[in-house]
Structures are given as C-alpha cells and as structure tokens.
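Trainee: What follows is a predicted structure for the sequence shown.
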Amino acid sequence: MPTSETFSCFYEEFAQPIYAYLYYRTRNKAIAEDLTSQTFLKALEKFDSFDESKGGFKCWIYQIARNVLVDHYRSNKPTRDLETAFDLAGEDDVEEAMKSSENQERVQKALKCLNEKQRELVILRVWDELSFKEIADFLGKTEASIKMTFYRALQDVEKQLMLISMILATFFSHSFTLLIYG
C-alpha cells in the first residue's frame, strides 16, 4: 500500500505536467490551477486504492485529471476572460508572448483538421510527452493501435498543411497577376 510520503513524491514529480495538461485544454491559468488541485485531492482520497500492477502512477493521475476536466466541462460552459487570454509574465515578455500566442494559433489550426481522438493522441504524445505505452494504458488501447493512429494523424496534418500551402500559393499568384496586369 502506498504511503503519504510516496504520494508527496508523486505530487512533486507530476504537479507541473498535470497543470500543463489541464492548462493546454482550458487556456485559463486559474481554472487549470483549480483543476490540478482537484486532481490531486481526488488522487489523495483514492490513493489507498492505487494499484501499481494495473499501470503506473503517471497513467493513473492523468486518468484522474482527464475525468476532472470532463466533469468541469460538463458543469461549466467554456468562457474566456479577456484579462487571462494572454498570461503575460511582464512587459519585457510581451513580444515573446505574442510570438508564442501566434505559434499556438497555428498549431491549433493544424490540429483542427484531426478528429477528436487523433487530436487528443497528438497532444498526449507531443505536449504531455507520454510514451506510446503510457497513452495506450491511459486510453485503454493497444500500443500498436496508438502508434498507427498517431502516424495517421501526422499524415493528416501534413496533407492539411500542404493543401493550405497550395491554396496560399494560388491566391498570392492570382493576386500578384491581378496587381501587375490589372
């Protein structure tokens, strides 16, 4: 049976990754902090039932975080607070934050071409840095199916980006022709 000291070590190791997992999905610092607290409170309440033979702590805590997030969205309509739309660290960081925000928008657009299952898988693999095995345990799938879905998702993103590039090239070519030849 795990001890409170063990839980404390797990908390130290996983609090930041769970916060990042929740922040990426909520885009709100205060909500992500609250949901992180709820996740670890639920984990603490159920810590006696944690069975490492059924999967590691990482998988277990991510499942709790996912359930907390689902509960949050079921009970709350998503809103955006203008003051927290950009969590700017300070005036010196404004330019960097804007670049980061623009990059995040590009990534979000590319991910929108994926179905929900593919999108979640890419986020778990790339941003949350879970292994294919951890994702398979987390989602209750085989590792082979997770790898195949991930590979197909990347192919879909690549196709989407190529299509966007072709459309932009055609648009700019057409606009340039109109500009020159009227």
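Mentor: Received the coordinates, thanks.
Trainee: What about residue 6, how many residues nearby?
Mentor: Neighbour count for residue 6, taken as other C-beta atoms under 10 Å: 13. Every C-beta, even on glycine, is put in place using the N, C-alpha and C of the backbone.
Trainee: State the pLDDT value of it.
Mentor: Looking at residue 6, its pLDDT reads 79.
Trainee: now residue 63
Mentor: 89.
Trainee: where's it, which helix or strand?
Mentor: helix 57-75 (DSSP states H and E).
Trainee: cool, and residue 120?
Mentor: helix 116-122.
Trainee: Give me the residues contacting that helix.
Mentor: 111-112, 114, 135, 139, 146, 149-150, 152-154, 156-157 (C-beta atoms under 8 Å, 6 or more residues apart in numbering).
Trainee: now these: which count as buried?
Mentor: Buried by 16 or more other C-beta atoms under 10 Å: 111, 114, 135, 139, 146, 149-150, 153, 156-157, out of those.
Trainee: For these, name the two members farthest from one another.
Mentor: Farthest pair in those (C-beta to C-beta) is 139 and 157. Separation: 19.4 Å.
Trainee: Looking at the buried ones among the contacts of helix 116-122, which one is closest to residue 127?
Mentor: Nearest to residue 127 out of those is residue 111 (C-beta to C-beta; 10.3 Å).
Trainee: Could I get the contacting residues of that closest one?
Mentor: Contacts of residue 111 by C-beta under 8 Å, 6+ apart are 119, 122-123, 157.
Trainee: so which of those would you say is closest to residue 19?
Mentor: Of the contacts of residue 111, the one sitting nearest to residue 19 (C-beta to C-beta) turns out to be residue 123, at 14.7 Å.
Trainee: Alright, calling it a day.
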